[in-house]
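Engineer: give me a 3D structure for the following:
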Amino acid sequence: MVELPELKGRTILQVAPELSAGGVERTVLEVTEAIIVAGGRALLASKGGRLEPEFARLGGELFRMDAKSRNPVTIKLNEGKLRQIIREEKVDLVHARSRAPAWSAWAAAKAEDVPFVTTYHGAYSGTAGLKRAYNSVMAKGDLVIANSEWIAVHIHEVHGLDPAKIVTIPRGVDLDVFDPAKVPAAEVERIRALWGLAGDKRLVLLLPGRLTRWKGQGLALEALALLAPDERAGLALVLAGDAQGRDAYVSELEQQINNSGLSETAFISPHISAADMPAAYLAAGIVLAPSIRPEAFGRVAAEASAMARPVIVADHGGARETVIEYVTGTRAEPGSAPALAGAIRAMLSLGAASRASMGREGRAHVIGHFSKRGLQAATLTVYKRLLE
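Structural biologist: Numbers count the residues shown, from 1 in each chain. Next up, the predicted model:
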């Protein structure tokens, strides 16, 4: 196992909007765990959320504030609160993970003369004018972490940052959790029952992720409708994710399902907890991640591969680094329903044995390149580099 750099006696303050569900939040937890194991204190300034119990269990200390707000007055107030935390808790380094709180954190760290790190989690929209200026705070770290090579190039091209100040650290997968051998068959059947597919022998196409337009749920439905009836007969598409208040979009998806004649083929699942995701991947035969916009990394593809499932992703962004074409899955032209339908058809034509082989190759690829321990060690190495 990769050794973690020692942080004994060091206090690290992470700053993130909230602790709900998403890649940023999971990475906050993973780095919190590493800081504690390495002998440091792990603080978090955040609005909080449903992952608070897990954060506390890991040994993290939460300082609650409205870190999600973009209101300039709130951002300025948060700067003062962060300066107080830095002084009173003797913080050695500040690590910001989102734009609005990063402005407060950057000003506070600069005023208190402590190292400042950012993680550039996504290719934020807007590369000119006020939007570019707002995004620029994520390139103001003493070191800037990019979560894929694609994002590293993006940072350099958009912000002109010296590549020597950019450190690429891909998101990590917890290989102890995402391990097919550790998921009981009963858990897999429970998930299929949750989807209304108990005893159903059809091959499940699973599209997990927040129910938001850019994740491509509507595109997947359109692609499914393009398949011939005999092709669809052996398939079930499950859209599994948290709507997070986007009820209008959910209604739109339901209407699309009905209008396309897919009511017996496509299903919108209740939200699946993080703890149930390994079983959800195993309950599927193929996992889809057809995001309309480029994913900075694409955790779904990496997690599904870790669970030995072949993946179909959109051919852009960080997904090009997580999926090896026709080795661990395949890639389709972004935003094209015919291309996605063709990719599904191609995967089906390979047969079960070839798809299983792709799954095994995918797990090996994730073990070699995208482990949680690798992310933790690399992040703490960034901390040590600045602290020393």
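Engineer: on the three-state scheme, residue 9 is what?
Structural biologist: Following DSSP: H, G, I helix; E, B strand; the rest coil, residue 9 is assigned to coil.
Engineer: was I right about it contacting residue 90?
Structural biologist: No. At 9.6 Å, residue 9 does not count as touching residue 90 under the criterion of CB atoms under 8 Å. Backbone N, C-alpha and C define where each C-beta goes, glycine included.
Engineer: can you give me the offset of stretch 105-112 from its chain's centre?
Structural biologist: Relative to the centre of its chain, stretch 105-112 is centred 27 Å away, using CA atoms, centre = their mean, to the nearest Å.
Engineer: mind listing what's buried along it?
Structural biologist: By neighbour count on 16 or more other CB atoms under 10 Å, the buried set for stretch 105-112 is 105, 106, 107, 108, 109, 112.
Engineer: quick one: neighbours of residue 258, just the number.
Structural biologist: 11 (other CB atoms under 10 Å).
Engineer: whoops, residue 338 was the one
Structural biologist: 12.
Engineer: may I ask which helix or strand encompasses it?
Structural biologist: helix 337-350 (DSSP states H and E).
Engineer: same question for residue 123.
Structural biologist: Taking DSSP H and E as the definition, one finds residue 123 inside no helix or strand.
Engineer: what's the closest non-adjacent residue to it?
Structural biologist: residue 154 (5.3 Å; CB to CB, 6 or more residues apart in numbering).
Engineer: for residue 295, same thing?
Structural biologist: Residue 295 sits nearest to residue 317 (CB to CB, 6+ apart), 4.7 Å away.
Engineer: so for the one you found, what's the pLDDT?
Structural biologist: Note on residue 317: pLDDT of 88.
Engineer: ditto for residue 68
Structural biologist: 91.
Engineer: the chain should start at 42 in everything you say after this.
Structural biologist: Got it, first residue is 42 now, which makes that one residue 109.
Engineer: my guess is residue 137 meets residue 149, correct?
Structural biologist: No. Under the criterion of CB under 8 Å, residue 137 is not in contact with residue 149, lying 9.7 Å apart.
Engineer: name the residues of the lowest-mean-pLDDT helix or strand in the chain that are buried.
Structural biologist: Every helix and strand of the chain was ranked by mean pLDDT, DSSP states H and E. The lowest is helix 170-176, at a mean of 83. Judged by neighbour count using 16+ other CB under 10 Å, the buried positions of helix 170-176 are 175, 176.
Engineer: tell me what whatever helix or strand comes next after it is packed against?
Structural biologist: Once helix 170-176 ends, the next helix or strand along the chain (criterion: DSSP H and E) is strand 184-187. Applying 3 or more CB pairs under 8 Å, 6 or more residues apart in numbering; DSSP states H and E, one finds that strand 184-187 makes contact with strand 157-161, helix 190-200, strand 207-209, helix 413-428.
Engineer: list the buried ones in the helix or strand just after the third one?
Structural biologist: Which is strand 207-209. As assigned by DSSP H and E, the chain's next helix or strand after strand 207-209 is helix 226-235. For helix 226-235, burial by neighbour count (16+ other CB under 10 Å) applies to 228, 229, 232, 233, 235.
Engineer: how near is the first one to residue 328?
Structural biologist: When you say that, I think you mean residue 228. Computed as CB to CB, to the nearest Å, the residue 228 to residue 328 distance reads 17 Å.
Engineer: please apply the same query to the last one.
Structural biologist: Applying CB to CB, one obtains 17 Å for the distance of residue 235 from residue 328.
Engineer: how near is residue 418 to residue 358?
Structural biologist: Taken as CB to CB, the span from residue 418 to residue 358 is 25 Å.
Engineer: looking at the two, which one has more neighbours?
Structural biologist: Shown here are residue 418 and residue 358; by other CB under 10 Å, residue 358 has more neighbours (23 against 19).
Engineer: now do the same contact list for that one.
Structural biologist: Counting by CB atoms under 8 Å, 6 or more residues apart in numbering, residue 358 touches 164, 189, 191, 332, 334, 335, 336, 337, 339.
Engineer: one step back: would you mind giving the buried residues of helix 226-235 as TSV with pLDDT added?
Structural biologist: Below are those laid out as TSV (pLDDT from 0 to 100):
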residue	pLDDT
228	97
229	97
232	96
233	96
235	93
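Engineer: quick check, nearest of these to residue 277?
Structural biologist: Set against residue 277, the nearest of the buried residues of helix 226-235 by CB to CB is residue 233 (9.4 Å).
Engineer: what about the residue of the chain most remote from its centre, helix or strand, and which?
Structural biologist: In the chain, the greatest distance from the average C-alpha position (CA atoms, centre = their mean) is reached by residue 271, at 34.7 Å. If you go by DSSP H and E, residue 271 is part of helix 270-273.
Engineer: could you tell me the end-to-end distance of stretch 201-220?
Structural biologist: Stretch 201-220 stretches 40 Å from its first residue to its last (CA to CA, to the nearest Å).
Engineer: what of stretch 53-69?
Structural biologist: OK, stretch 53-69 end separation, CA to CA: 12 Å.
Engineer: could you list the domains of the protein?
Structural biologist: The chain is divided into the following domains under automatic domain parsing: 52-213+412-428, 221-410.
Engineer: I'd like those domains laid out as TSV, including distance to residue 46.
Structural biologist: Below are the domains of the chain laid out as TSV (distance: least, CB to CB, whole Å):
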stretch	distance to residue 46
domain 52-213+412-428	5
domain 221-410	20
